[in-house]
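Asks: quick one: sequence and predicted model below, then my questions.
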Amino acid sequence: MVQQVFDIDFRGDAFIFPTETSPDHIRAIMRKSGNFYEKRLLEFLCSRMDGATWVIDCGANIGNHTIFMAGVLQRHVVAFEPIPSNLDALRAAVALNGLSHSVTVEPYAVSDTVGQVTLGMEFAGNPGSFSIGSGDQSHTVLAVTLDGHFQKGVPSGRLGILKVDVEGHEEHVLRGAMALIQNHRPMVICEAGTMTAFERIEAFLAPIGYHAARVFGRTPTVVFDRVERISSERDKIVEKIAHYVLQHEQAPAG
């Protein structure tokens, strides 16, 4: 059977992704826009690598960020994605774009402890909404910590980006990556869909010199970097998160 695919374009370069077999929020936006999902965030990253050679994508989903960071930024990507359907799409995208030499795909969940965890789909029909706990189409998978996973060695050079989008489990991922963060001092990118999530991530990273610098995306995705706190930027981040939370509180059920 010939695999069905669609193309997207970024600054004149074409990238290929497999067509979904069921409704998929991210791919629907990619196909409609003809470009990468969360394009503004990805454009921001283009000038922020500072000589780093590799990145980590926790919650790689179908590979949107992974393909960008490997294909556009031309860095080695270690991509973690435990959900079988997402994992298949991720591997297919890596192969379709000829990036197997640049991407290491790891079929694990990431946390601050090691062991079996159950992931459930929070929002029906959105395979990007799997999180630890009960839900539709639940899967039992192995969770690892980043520090433990890379204990035997890391890719050569410096880690430049640690992207974490794990549906509310971001703080746990960071707790399991403290040695990696302190050794490499990467830019940390975390989804923060609630004020509590944002404040917990912020409080965890602040003692090691990280502060919230920028925010992108419909679901607030916050860039934490080694910068002095800029109150006006933090105010914008808080405002965006509050607006997102309010929208969800007012959304009709079902």
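Replies: Received it, and whenever you're ready, just let me know what you need.
Asks: how many neighbouring residues does I16 have?
Replies: Other residues near I16 come to 16 when the count uses other CB atoms under 10 Å. Yep, even glycine has a C-beta here, placed from its N, CA and C like the rest.
Asks: just use 22 as the starting number from now, easier for me
Replies: Yes, from this point I'll number from 22; that puts the last item at I37.
Asks: part of a strand, is it?
Replies: Yes: counting by DSSP: H, G, I helix; E, B strand; the rest coil, I37 is part of a strand.
Asks: pLDDT at the residue nearest to it when sequence neighbours are not counted, what is it?
Replies: Using CB to CB, 6 or more residues apart in numbering and skipping residues adjacent in sequence, the residue nearest I37 is L117, 4.2 Å away. If you check L117, the pLDDT there is 97.
Asks: now do the same contact list for L117.
Replies: Q24, V26, I37, F38, P39 (CB atoms under 8 Å, 6 or more residues apart in numbering).
Asks: and what of G55?
Replies: G55 makes contact with D28, I29, D30, according to CB under 8 Å, 6+ apart.
Asks: go again with 10 Å.
Replies: F27, D28, I29, D30, F31 (CB atoms under 10 Å, 6 or more residues apart in numbering).
Asks: narrow those residues to those that are buried.
Replies: I29, F31 (16 or more other CB atoms under 10 Å).
Asks: in CSV, list the contacts of G55 along with pLDDT and distance to Y58.
Replies: Putting the contacts of G55 into CSV (pLDDT from 0 to 100; distance: CB to CB, whole Å) gives the following:
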residue, pLDDT, distance to Y58
F27, 95, 13
D28, 95, 14
I29, 96, 9
D30, 95, 13
F31, 95, 11
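Asks: how about the contacts of G55, which pair is most distant?
Replies: Maximum pairwise distance in these, criterion CB to CB, is 14.0 Å, between F27 and F31.
Asks: where along the chain do the strands fall?
Replies: Assignment of strands within the chain using DSSP state E yields the ranges 26-31, 34-39, 75-79, 97-101, 124-127, 130-131, 136-142, 151-153, 157-165, 180-185, 208-212, 232-237, 242-246.
Asks: okay, now the closest residue to A213 other than its chain neighbours: neighbour count?
Replies: Distances taken as CB to CB, 6+ apart put F219 closest to A213, at 3.9 Å, once the chain neighbours are dropped. F219 has 24 neighbours, counted by other CB under 10 Å.
Asks: is F219 in contact with E260, as I believe?
Replies: No: taking contacts as CB atoms under 10 Å, F219 lies outside contact range of E260: 11.5 Å.
Asks: identify the contacts common to those two.
Replies: Applying CB under 10 Å, 6+ apart, one finds that F219 and E260 are jointly contacted by V236, P241.
Asks: ok, back up a step: if you average pLDDT over each of the strands of the chain, which is lowest?
Replies: When the strands of the chain are compared on mean pLDDT, strand 151-153 scores lowest, with a mean of 49.
Asks: worst-scoring helix or strand of the chain, pLDDT-wise?
Replies: strand 151-153 (a mean of 49; mean pLDDT, DSSP states H and E).
Asks: how close does the closest residue in space to L180 that isn't next to it in sequence sit to F171?
Replies: Leaving aside its sequence neighbours, L180 sits nearest to H205 (CB to CB, 6+ apart; 3.8 Å). Between H205 and F171 the computed distance is 10 Å (CB to CB, to the nearest Å).
Asks: neighbours around N56, how many?
Replies: 16.
Asks: ugh, wrong one, I202
Replies: Neighbour number of I202 under other CB under 10 Å is 19.
Asks: ok, now which ones touch it?
Replies: Applying CB under 10 Å, 6+ apart to I202 gives the contacts L167, D168, L180, L183, L195, V209, L226, I229, Y231, F245.
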